[in-house]
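Visitor: Starting from these lines, generate the structure:
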Amino acid sequence: MRHVIKIVIILFSIGVSTSLAQSNEIKIRVDGLSCPFCAYGLEKKLNDLDGVESINIDFEEGLVVLQVTDPGNISEEEIRTKIEEAGFTPKEIVFTGTNEKPNNDD
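Guide: Numbering: from 1, shown residues only. Now for the predicted structure:
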């Protein structure tokens, strides 16, 4: 019985840490991505933002997902600027894990 309880606790801990990691995402729609080379150039720019842990770019869908330490430390304006510096057009930006409601200027 103790082994079952330990397993349940371990599985619960893994689930909690996974859900916490997923809550610190910023999802961005980007126009103009057409190839892996484009995605690489954008990734280099976005890596300059403080607190970015990982970047996943789906150039076919035009979707960028940033995993960040604290989404409240990165402003929508900073993200838009980096995307424009890379030569692309930022569209919808969605912050998860914060109470911030980004201003979408589409």
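Visitor: Would you map the strands across the chain?
Guide: 25-31, 52-58, 63-68, 89-95 (DSSP state E).
Visitor: low-scoring stretches of the protein, by residue?
Guide: Within the chain, the stretches with pLDDT under 70 are 1-23, 98-106.
Visitor: Start from the N-terminal end of it and give the helices.
Guide: With helices called from DSSP state H, the chain shows them at 2-23, 36-46, 76-85.
Visitor: Pull out the buried residues from the second one.
Guide: The reference is to helix 36-46. 38-39, 41-43, 45-46 (16 or more other CB atoms under 10 Å). In short, each C-beta sits where N, CA and C put it, glycine included.
Visitor: Turn these into TSV, including distance to residue 94.
Guide: Below are these laid out as TSV (distance: CB to CB, whole Å):
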residue	distance to residue 94
38	21
39	19
41	23
42	17
43	19
45	19
46	15
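Visitor: and which of the residues you listed is nearest to residue 53?
Guide: Nearest to residue 53 among the buried residues of helix 36-46 is residue 46, at 11.4 Å by CB to CB.
Visitor: pretty sure the closest one contacts residue 82?
Guide: Yes: the criterion here is CB atoms under 8 Å, and residue 46 meets it with residue 82 at 5.5 Å.
Visitor: With distance to residue 74 and mean neighbour count as added columns, please give the strands of the chain in TSV.
Guide: As requested, the strands of the chain are exported to TSV (distance: least, CB to CB, whole Å; neighbours: other CB atoms under 10 Å):
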stretch	distance to residue 74	mean neighbour count
strand 25-31	7	19
strand 52-58	8	15
strand 63-68	6	20
strand 89-95	8	18
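Visitor: hang on, the earlier thing: for the buried residues of helix 36-46, which one is nearest residue 25?
Guide: Nearest to residue 25 among the buried residues of helix 36-46, with distances taken as CB to CB, is residue 46, at 13.2 Å.
Visitor: Next one: the closest one from residue 35, what distance?
Guide: From residue 46 across to residue 35, the span is 17 Å (CB to CB, to the nearest Å).
Visitor: hmm, back to that, now the strands of the chain in CSV, with distance to residue 77?
Guide: CSV is the format used below for the strands of the chain (distance: least, CB to CB, whole Å):
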stretch, distance to residue 77
strand 25-31, 13
strand 52-58, 16
strand 63-68, 15
strand 89-95, 10
